[in-house]
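Colleague: pasting the structure only:
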C-alpha cells in the first residue's frame, strides 16, 4: 500500500526524471526532488530524508550512482532502487555491492516501477531489526553481545577491527576480544556504515583506527590486515588522501 512515501529520484536525463516524477505522483508517492549528479543526490538525501531513492547507475559527474547509493545507504539506511539502461553482468555485479533493494532496466512501465518500490519499502521495513537502535535521533553507541546468561557491552567507537571465524565473528578492541554468534556480513549491518568498511571477506575495519596502509595491507597497531582487490578501490575512495 502506498501512503505518501517520500521518493528521491536521481536521474541526469531531464525528460526521464520528469516522466518518473509524474508517474510516481499519480501513484500517490511524494517526490522530494530530482537530482542529476552525486552532489545533488547527497544534498537531497540529507535534507529531505526520503523513504526510498530511485538511483540511475550512470549519472553524470566523477562519481556514479553506485557511489552515491553506497554513501546514502551507509549514512542513512535509505533503501535504493537502481535504474540502468545497461543490462550487462558487470554493471549488475557492481551495483549489488551497494546493497540495492531493487533493480529496474530501462525502459520500464509504471506498474513495474510501483511494484519494485513497494517491494523495496517492505523489504526495508523487515530489515530494520539489523539497523542500530535510534534514541533521541542518535545512533546507539553500544552493542550488547550475549554470552551464556550475561550480556557483554561493546562500545562501537572502541572497535578496532572485526574478524570472521567460521560461523562466528570476533570483535577486537584495545582491551578485549568478544565472540559473536553471527556471520561477518550480518555484523556489518549492526555498525555505522560510514565508520567501518569491509576490506576482505574475513575482515571489517574501523576507518579511523587505521595507522597506515602499505602494499596490500592495512595496519592497526601491530596487526596487519590483508586488503582484497575487490575492496581496495572502495577503501581508497573512503580515505582523505593528501
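Modeller: Perfect, I can see it now. Quick caveat: nothing in here was measured; it's all calculated off a predicted structure.
Colleague: doesn't residue 107 fall inside a helix?
Modeller: No - counting by DSSP: H, G, I helix; E, B strand; the rest coil, residue 107 is not found in a helix; it is coil.
Colleague: what's near enough to touch it?
Modeller: Residues near residue 107 by Cβ atoms under 8 Å, 6 or more residues apart in numbering: none. Using the backbone N, CA and C atoms, a C-beta is placed for each residue, glycine as well.
Colleague: how about the helices of this protein, start to end?
Modeller: 14-27, 38-48, 65-76, 89-96, 110-126, 184-188, 229-238 (DSSP state H).
Colleague: how's this protein carved up into domains?
Modeller: Following automatic domain parsing, one finds the domains of the chain at 6-130, 135-238.
Colleague: winner for burial among those domains?
Modeller: Neighbour counts (mean count of other Cβ atoms under 10 Å) averaged over each of those peak at domain 6-130, with a mean of 17.
Colleague: so where is the chain shaky, pLDDT-wise?
Modeller: For the chain, the stretches flagged by pLDDT under 70 are 1-3, 86-89, 91-92, 97-99, 125-140, 147-149.
Colleague: can we see that at 80?
Modeller: 1-4, 85-99, 123-140, 146-150, 166-167, 242 (pLDDT under 80).
Colleague: Surely residue 67 touches residue 41?
Modeller: No - between residue 67 and residue 41 there is no contact under Cβ atoms under 8 Å: 9.6 Å.
Colleague: excluding its backbone neighbours, what's nearest residue 173?
Modeller: residue 158 (4.5 Å; Cβ to Cβ, 6 or more residues apart in numbering).
Colleague: should've said residue 200
Modeller: Per Cβ to Cβ, 6+ apart, closest to residue 200 is residue 228, 4.7 Å.
Colleague: do the same with residue 62
Modeller: residue 38 (7.4 Å).
Colleague: My understanding was that that neighbour contacts residue 66; is that so?
Modeller: No - contact between residue 38 and residue 66 fails when scored by Cβ under 8 Å: they sit 10.2 Å apart.
Colleague: hang on, the residue nearest to residue 173 packs against residue 171?
Modeller: No - using Cβ under 8 Å, residue 158 is not in contact with residue 171; the gap is 9.3 Å.
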